[in-house]
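Q: just to be clear, the model below is a prediction. Sequence and coordinates:
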Protein chains: 2
Amino acid sequence: MKVVKFGGSSLADARQIRKVVDIVKADPDRRIVVVSAPGKRSSDDIKVTDMLIALANAVIAGGSYTTELNAVVERYAGIQRELGLRDAVVSEIEADLRGRIEQRSDHDAQFMDTIKASGEDNNAKIVAQVFAEQGVPARYVDPKEAGMLLSDDFGNAQVLPESFANLKALRDEKDVVIFPGFFGYTRHGQVATFPRGGSDITGAILAAAVEADVYENFTDVDSVFALDPRIVSDAPAIELLTFREMRELSYAGFGVFHDEAVVPAVRARVPICIKNTNRPEAPGTMIVAERKYEQGEVTGIASADGFSAIFLSKYMMNREMGFGRRLLQILEDERLSFEHAPSGIDDMSVILRSAPLTPTKEAQVLDRIRTELEVDDVTIEHGLSLIMIVGEGMRYAVGVAARACAALADAGVNIEMINQGSSEISIMFGVKEVDRKHAVYALGHALLRIGKRH
Amino acid sequence: MKVVKFGGSSLADARQIRKVVDIVKADPDRRIVVVSAPGKRSSDDIKVTDMLIALANAVIAGGSYTTELNAVVERYAGIQRELGLRDAVVSEIEADLRGRIEQRSDHDAQFMDTIKASGEDNNAKIVAQVFAEQGVPARYVDPKEAGMLLSDDFGNAQVLPESFANLKALRDEKDVVIFPGFFGYTRHGQVATFPRGGSDITGAILAAAVEADVYENFTDVDSVFALDPRIVSDAPAIELLTFREMRELSYAGFGVFHDEAVVPAVRARVPICIKNTNRPEAPGTMIVAERKYEQGEVTGIASADGFSAIFLSKYMMNREMGFGRRLLQILEDERLSFEHAPSGIDDMSVILRSAPLTPTKEAQVLDRIRTELEVDDVTIEHGLSLIMIVGEGMRYAVGVAARACAALADAGVNIEMINQGSSEISIMFGVKEVDRKHAVYALGHALLRIGKRH
């Protein structure tokens, strides 16, 4: 049995929805379909979810919200017309929205979730109708009825453990289940949403609950690529990937899906398949717990900008019991996550994401390091990129590091940092942001034998 | 003005003591001479300090200590005869020792220090006599009289800040100052000793106090070598080294002196010169605050066995605020210093010295990591070596890492760990202990262009 999730771009208009129906019809194992809200039809389009947020904000602001409401209704009306569905569909959606607005409480976050969730909820109802009209026995399943119970962290809810047992019953549905993504209900019966990208979470939870053979995640790319296709145009597709490789790659910029979203499927060891709604015949990328590999083989190279490094030095630092721990404590006090903290003899550095490091926080952290740790010197550098070379085949593979370093040296890219050994399946390089693309290009050429020097 | 320190092997017998006198006579800037206790005359000899520890233990044990006392007195008698000093010297030393024994209090550590310190103290008196007989105006200076004040951590004392001002007066001595190393006095007038190797500390304190131009540290090697001469027989000498390079190199096994010992000189930016008592004409190794360097130039390669690595993995670790800090806290609670703590996405490892990691501690630490950090997996690996490639010229030098990795790959040495970037002037590699010599050989060949493949 397969759980199939379709993202917003796969459901943006009638043409896309028809593709979805065809895909589900093509494989009788596709028994549970998770549906997102309609996404962008073109790059300058607005997602339904964003329209709903605007609507909720207008209601909360207390003025007129007619424009915002009409915009949402009109978007669904367009889909209804294109699909040739009965007229009543649009008035039912408008009635649903007005009903949600009337339920407005003083709890803005909870109200926001109620409005936002309507995007997936109404879309699932439409999709279920299309399936029925195409002769596919299918039914919309209400997350409340199915027992998708979430914590009451509105906008950032977590699944509650009992949901898995509740949702397991969906295995026995005779019809295809059309399940709205992104939201569930609290124990008090209130709508709560997952973080953004939450339809992936819904799909992963369902896949784990029904012990699916595969969790198919349909999006708008053919597969995960071994290199960022924005940097290297002829980047090869990855057909098979382990969960660990996926984590290492997605950490540094492989944005096919949010890796945190699929944790329930990973924990249940349900293979995940990334496929393209627009080219379902392409094999896609399969992500599994374990795979065969050849020594020295590199699976992919990911990279991301937006890192900063704090460097500090203190003579005889390494004799100071607790120094590293106190440094990390300062960051934790300031609610800053660190990515890496390589240490030398009299030096230590901390790599962290630049975004949460506001100028105020930065000044505060540097001041505390200076005064509390009594360092000889502390400096900060912004504009760093991290590059991850990832592959199960890198376990104990002498030579990958050598080839990578040589490629960077030949390309004239200075290596600010190397971190190898904490993970068996990756090497991390730090370079200046300005050097990132050049570095990825050189590494792709040397390790994946693709691309030509530019 | 130069402060000159002679180690135990430089003062082991009359022939060596005469060399010391010649060295001091050869340079009128050598105004302050720090003297160790007589060291080993051959590899199976016993240091006077070890004889004194045996004597103190015999006294503490409460039985006869005649054998131990006679052994010490006989050692000095030999030196006296060889030097042709007056007979009274030996009876004065015996009287001094009996006087120290009579002062025995209930405080064993303090008593031990009183006995141990006699090794340097009596040797300084002998050396001062030899200088006088050779026509060099010289006088023994009592550390108490000079104001060498220490904390009362007997056996592990620290210099008190006011000592520097007290000792500065030695600048104005007309005669050559012969100063016993290794000990000073507490504010209550009790003898206290530095940790072992403490004559280096005495010299560094005096060099800082008198603002010496150079602190000459005479030992039994010509210089610091770029590679361990026990591994590579034709290891080249290093003529000029910075304090930072010295720290990085001595961390991983460059055992010319204990780097912690010379901190006072480093803080005062007094250059340190390592020289050989037996070949004073050799230039030695000068250690300075700053030096010129060429990009890409490697100064030395050091290595040491005896490290362990704890590897732990936990899915989604990097989203857990405070994870790294809590790991380091566990180590700190167990009084374990960590050397490095490289982290990946879902992995973290901690490199620490194996010696303090007793089986009980190891079990305790692993158990706490398992239960408190709720990791998916934790393992420990022993028998690791660290190799440091060090050089000021490695700042921003593209290519050194590449050449090093390639050399290790060619030599078939698997790299367990690479840490580059926390220190500007070093790269650290972790390899299995069994691979260390082979790795150092290969790196020496590739980076220092010396040695042939074995």
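A: Perfect, I can see it now. Because the structure is a prediction, the values reported are computed rather than measured. Residues are numbered from 1 along each chain as shown, chains lettered A, B, ... in the order given.
Q: off-centre distance for the helix or strand hosting residue A:93?
A: Taking DSSP states H and E as the definition, residue A:93 sits inside helix A:88-102. When distances are taken as CA atoms, centre = their mean, to the nearest Å, helix A:88-102 is centred 30 Å away from the chain's centroid.
Q: equivalent analysis for stretch A:376-393, please.
A: Counting by CA atoms, centre = their mean, stretch A:376-393 comes out at 22 Å from the chain centroid.
Q: buried residues in that stretch?
A: Using 16 or more other CB atoms under 10 Å in any protein chain shown as the test for burial, stretch A:376-393 gives A:378, A:380, A:384-393. Yep, even glycine has a C-beta here, placed from its N, CA and C like the rest.
Q: give the contact list for residue A:12.
A: A:38-41, A:45 (CB atoms under 8 Å, 6 or more residues apart in numbering or on different chains).
Q: if I look at residue A:172, how far off is residue A:204?
A: In this view, residue A:172 and residue A:204 are 20 Å apart by CB to CB, to the nearest Å.
Q: more crowded one of the two?
A: More crowded of residue A:172 and residue A:204, by other CB atoms under 10 Å in any protein chain shown: residue A:204, with 29 against 7.
Q: still on that earlier bit, most neighbours of all the contacts of residue A:12, which one?
A: Busiest of these [other CB under 10 Å] is residue A:38, holding 28 neighbours.
Q: what about that residue, is that helix, strand or coil?
A: In three-state terms, and counting by DSSP: H, G, I helix; E, B strand; the rest coil, residue A:38 is coil.
Q: just give the nearest non-adjacent residue to it, would you?
A: Spatial nearest neighbour of residue A:38, excluding adjacent residues (CB to CB, 6 or more residues apart in numbering or on different chains): residue A:48 at 4.7 Å.
Q: and which of the buried residues of stretch A:376-393 is nearest chain B?
A: Using CB to the nearest CB, residue A:388 is the member of the buried residues of stretch A:376-393 that lies nearest chain B, at 8.3 Å.
Q: is it true that that closest one touches residue A:425?
A: No - assessed by CB atoms under 8 Å, residue A:388 is found out of contact with residue A:425, at 9.8 Å.
Q: what sits in contact with each of these two?
A: residue A:248.
Q: around chain B, which positions in the stretch 151-300 of chain A sit nearby?
A: Within reach of chain B by CB under 8 Å from any CB of the partner chain, the stretch 151-300 of chain A has these residues: A:244, A:247-248, A:251, A:260, A:263, A:266-267.
Q: give me the buried entries from those.
A: Judged by 16+ other CB under 10 Å, buried ones among these: A:244, A:247-248, A:251, A:260, A:263, A:266.
Q: next, format the residues of the stretch 151-300 of chain A next to chain B as TSV and append secondary structure.
A: Conversion of those to TSV gives the following (three-state DSSP):
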residue	secondary structure
A:244	helix
A:247	helix
A:248	helix
A:251	helix
A:260	helix
A:263	helix
A:266	helix
A:267	helix
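Q: can you put those in TSV and add pLDDT?
A: Formatted as TSV, these follow (pLDDT from 0 to 100):
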residue	pLDDT
A:244	89
A:247	86
A:248	85
A:251	72
A:260	77
A:263	88
A:266	91
A:267	91
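Q: now do the helices in chain A.
A: Ranges of helices in chain A, per DSSP state H, are A:14-26, A:48-61, A:66-83, A:88-102, A:108-133, A:143-146, A:162-167, A:198-209, A:243-251, A:263-267, A:323-333, A:359-373, A:400-410, A:436-448.
Q: which one of those helices has the most crowded surroundings?
A: Comparing these by mean neighbour count (mean count of other CB atoms under 10 Å in any protein chain shown), helix A:198-209 comes out on top with a mean of 28.
Q: packing partners for it?
A: If contacts are counted by 3 or more CB pairs under 8 Å, 6 or more residues apart in numbering or on different chains; DSSP states H and E, helix A:198-209 sits against strand A:2-6, strand A:30-35, helix A:162-167, strand A:176-180, strand A:183-185, strand A:214-219, helix A:263-267.
Q: so for it, what's the average pLDDT?
A: In this model, helix A:198-209 has an average pLDDT of 96.
Q: weakest of the helices and strands packed on helix A:198-209 in terms of mean pLDDT?
A: helix A:263-267 (a mean of 91).
Q: distance between that helix and the chain's centre?
A: Counting by CA atoms, centre = their mean, helix A:263-267 comes out at 13 Å from the chain centroid.
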